[in-house]
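**Student:** Here you go, sequence then predicted model.
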Amino acid sequence: MELITPAFGLIFWQTLIFLVVLFILGKFAWKPILGALKAREESIEASLRMAENAKEEMKNLKSENEKLLAEARADRDKMLKEASRLAEEIREQAKHDAKTIGDKMIEEARTSIENEKNSALGQIQDQVVELSLQITEKLLKKNLADDKAQQGLVKDYMKDIKLN
Amino acid sequence: MNNFLSRNIFKSLFFSVILSFFLLGAGTSARAADQEGGNKTDFIMHHIQDAHEWHFATIGHTHISIPLPVIIFEVGHGLRFYMSSDFVDEHHQGIEHDGYYIDAHGHLKSTDESLTYYDISITKNVASLFISVMLLFGVFVTIGRRYKQDPLAAPKGIQSFFEPIVIFIRDEIARPNIGEAKYERFMPYLLSVFFFIWFNNLLGLLPGAANLTGNISVTLTLALFTFVITTFSGTKDYWKHIFNTPGVPWWLKFPLPLMPVVEFIGILTKPFSLMVRLFANITAGHIIIMSLIALVFIFESVYMGPVSVLFGLFMNLVELLVAFIQAFVFTLLSAIYFGLAAEEHHHEEHKEKLGKASA
């Protein structure tokens, strides 16, 4: 019976001291400990989430980079194609132009040759006429001493003229 | 490695010296009792119970004990202070002092029957209580300060020993039993009560120490704390479940309020079981260890020595486990009671259940 009879004094002290324990430990131990544990867990969770986000971002960045790269490559290809097309065009144009110019020059040359030829022919004709006239004059001067010969000659000429 | 070994050897040496001192103390007091014609196992009850002085050993007729303060609150006269040594003579026999004496059961009595007084002495258990609380403060305020300095730092030293236990109480006891919404407000009490019981259980295992958590007054007070907190955190649903339990046939509640009475008794049996469980477990452990030692004196044979030492050692190791388990059980049950009281029921869910039951 002795063992299971509560003693007033011990209950008194136990109550008093346990209240002090609750107060002191609650204020100076459990509050900082639980707070720190929570803070640590939150920071770990936040860090993990951040890492996850960073990974995601990295992935996005990578795919974006790839996209950019592909775009750039496509652009380059397009530009190259364009450039080669342009070059071809220019070359074609140049060829065409050169041909035109060449043709024109040839034409011009031909014309000028023709002209030169014509003028040269004209000059030759003139000279021929002059020479003929001089020859004729000389001949005339030598042959007109004889009337009969003159008359025969005139007659011949006349014949020719008629035929013309 | 060498240092570690030598430290271990030193520790075990220290421990065995203390242990032998304890055995010697227990043995000699038993022999003394024997010589005085007392029972060979009287020392067991003497150890289990509270006392006004802290008695370590009796060698021959010399008592090795620390006198403790005796404080008496006399109604109408105020406080009176004495020392427990005032109440014994040089042969350690009880004597009267200033109108008071300590009887054979260790109770403080007044010679004046008409006097109303309260004995609030610093007894062996109260002194032990002070020591354990100082230890608790020393350990946990130090740890708390370290957490305050750098909350995100990794725990080290003593901090890393207690942190998993704190997390265990939070995640395995409080959270699942009280619920995520309300567990935080009960954490300080649960942690305090757990470490208080655990520390005192362990201290009680030390040779010559008091049997604080095996004292009914202490477990009664702790159980009352749980009871008061449970009662004050009871929600409307909690009281409704007690006085008008839903889902129970009406004739169990009216005209004879059978269910309410049963439920109401339930409120009281919860702290009662807490009180008895802790008290009985710790006291029983102490009695078993003491009884194993007492075997030596009962058989009066040297061959009993190894038996009682081996069994005593085994029981001591078991008690180390019990010290933790009882602290855990007390905390767990407190958390369950808080959880029951603080629970908010979803009424829709209930109606659904009732509907199903009636269908």
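**Tutor:** Cool, the structure landed.

**Student:** Stretch B:323-334 and chain A in contact?
**Tutor:** No: Stretch B:323-334 stays clear of chain A (C-beta under 8 Å from any C-beta of the partner chain), getting no nearer than 13.0 Å. Using the backbone N, CA and C atoms, a C-beta is placed for each residue, glycine as well.

**Student:** Now that stretch: buried residues?
**Tutor:** B:323, B:324, B:326, B:327, B:328, B:329, B:330, B:331, B:332, B:333, B:334 (16 or more other C-beta atoms under 10 Å in any protein chain shown).

**Student:** now those residues in JSON lines, with secondary structure?
**Tutor:** Listed next are the buried residues of stretch B:323-334 as JSON lines, based on DSSP: H, G, I helix; E, B strand; the rest coil:
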{"residue": "B:323", "secondary structure": "helix"}
{"residue": "B:324", "secondary structure": "helix"}
{"residue": "B:326", "secondary structure": "helix"}
{"residue": "B:327", "secondary structure": "helix"}
{"residue": "B:328", "secondary structure": "helix"}
{"residue": "B:329", "secondary structure": "helix"}
{"residue": "B:330", "secondary structure": "helix"}
{"residue": "B:331", "secondary structure": "helix"}
{"residue": "B:332", "secondary structure": "helix"}
{"residue": "B:333", "secondary structure": "helix"}
{"residue": "B:334", "secondary structure": "helix"}
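
**Student:** Just send these back as a markdown table, with pLDDT too.
**Tutor:** Shown next, in a markdown table, are the buried residues of stretch B:323-334 (pLDDT from 0 to 100):
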| residue | pLDDT |
| --- | --- |
| B:323 | 95 |
| B:324 | 95 |
| B:326 | 96 |
| B:327 | 96 |
| B:328 | 96 |
| B:329 | 96 |
| B:330 | 96 |
| B:331 | 96 |
| B:332 | 96 |
| B:333 | 96 |
| B:334 | 96 |
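
**Student:** which one of those sits closest to residue B:155?
**Tutor:** Within the buried residues of stretch B:323-334, the smallest distance to residue B:155 is 20.1 Å, found for residue B:324 (C-beta to C-beta).

**Student:** Contact partners for that closest one?
**Tutor:** When contacts are counted by C-beta atoms under 8 Å, 6 or more residues apart in numbering or on different chains, residue B:324 is found next to B:198, B:201.

**Student:** any idea which element residue 55 lies in?
**Tutor:** I'll assume chain A. helix A:31-143 (DSSP states H and E).

**Student:** nope, chain B
**Tutor:** Short version, using DSSP H and E: residue B:55 is in strand B:53-59.

**Student:** right, is that strand up against chain A?
**Tutor:** No: using C-beta under 8 Å from any C-beta, strand B:53-59 stays clear of chain A, coming no nearer than 14.2 Å.

**Student:** Can you show me the CA trace of that strand as PDB?
**Tutor:** Taking Å, rounded to 0.1, in the frame of the first residue of the first chain, the C-alpha atoms of strand B:53-59 are listed here in PDB:
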ATOM      1  CA  GLU B  53      17.700  11.300   3.200                       C
ATOM      2  CA  TRP B  54      19.800  10.000   0.300                       C
ATOM      3  CA  HIS B  55      21.100   6.700   1.600                       C
ATOM      4  CA  PHE B  56      24.000   5.000  -0.300                       C
ATOM      5  CA  ALA B  57      25.200   2.200   2.000                       C
ATOM      6  CA  THR B  58      25.400   0.900   5.500                       C
ATOM      7  CA  ILE B  59      28.700  -0.700   6.500                       C
END
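
**Student:** Within the sheet, what are the partner strands of the helix or strand following that strand, with directions?
**Tutor:** Proceeding N to C from strand B:53-59, the next assigned helix or strand is strand B:62-67, under DSSP H and E. Applying DSSP bridges, strand B:62-67 is found paired with strand B:53-59 (antiparallel).

**Student:** so for the strand it pairs with, what's the average pLDDT?
**Tutor:** The average pLDDT for strand B:53-59 rounds to 85.

**Student:** Ok, stretch B:156-166 next?
**Tutor:** Across stretch B:156-166, pLDDT averages out at 91.

**Student:** again, but for stretch A:107-125
**Tutor:** Computed over stretch A:107-125, the average pLDDT equals 88.

**Student:** From residue A:122, how far out is residue A:135?
**Tutor:** For residue A:135, the distance to residue A:122 equals 20 Å [C-beta to C-beta, to the nearest Å].

**Student:** And for residue B:109?
**Tutor:** 173 Å.

**Student:** Neighbour count: the two, which is higher?
**Tutor:** residue B:109 (16 against 10; other C-beta atoms under 10 Å in any protein chain shown).

**Student:** near chain B, which residues of chain A show up?
**Tutor:** A:2-15, A:17-18, A:20-22, A:24-26, A:28-37, A:39-40, A:43.

**Student:** quick one: the strands in chain B?
**Tutor:** Here chain B has its strands, by DSSP state E, at B:53-59, B:62-67, B:69-74, B:78-83, B:100-102, B:108-110, B:117-119.

**Student:** relative to strand B:78-83, how tilted is the first one?
**Tutor:** Meaning strand B:53-59. 20 degrees (axes from the mean of the first three to the mean of the last three C-alpha atoms, to 10 degrees).

**Student:** What of the third one?
**Tutor:** Angle between the axes of strand B:69-74 and strand B:78-83 is 160 degrees (criterion: the same axes, to 10 degrees).

**Student:** So what touches strand B:69-74?
**Tutor:** Outside strand B:69-74, the residues that touch it by C-beta under 8 Å, 6+ apart are A:9, B:52, B:79-84, B:86-87, B:100, B:108, B:115-122.

**Student:** now the fourth one
**Tutor:** Contacts of strand B:78-83 from elsewhere in the structure, counted by C-beta under 8 Å, 6+ apart, are B:67, B:68, B:69, B:70, B:71, B:72, B:73, B:74, B:97, B:98, B:100.

**Student:** can you do 10 Å?
**Tutor:** B:52-53, B:67-74, B:97-100, B:108, B:117-118, B:120-122 (C-beta atoms under 10 Å, 6 or more residues apart in numbering or on different chains).

**Student:** can you check the fifth one too?
**Tutor:** Surrounding strand B:100-102, the residues in contact under the criterion C-beta under 10 Å, 6+ apart are B:51-53, B:70, B:72, B:74, B:80, B:82, B:84, B:86-88, B:94-96, B:107-112, B:115, B:117, B:119, B:121.

**Student:** That'll do, ta.
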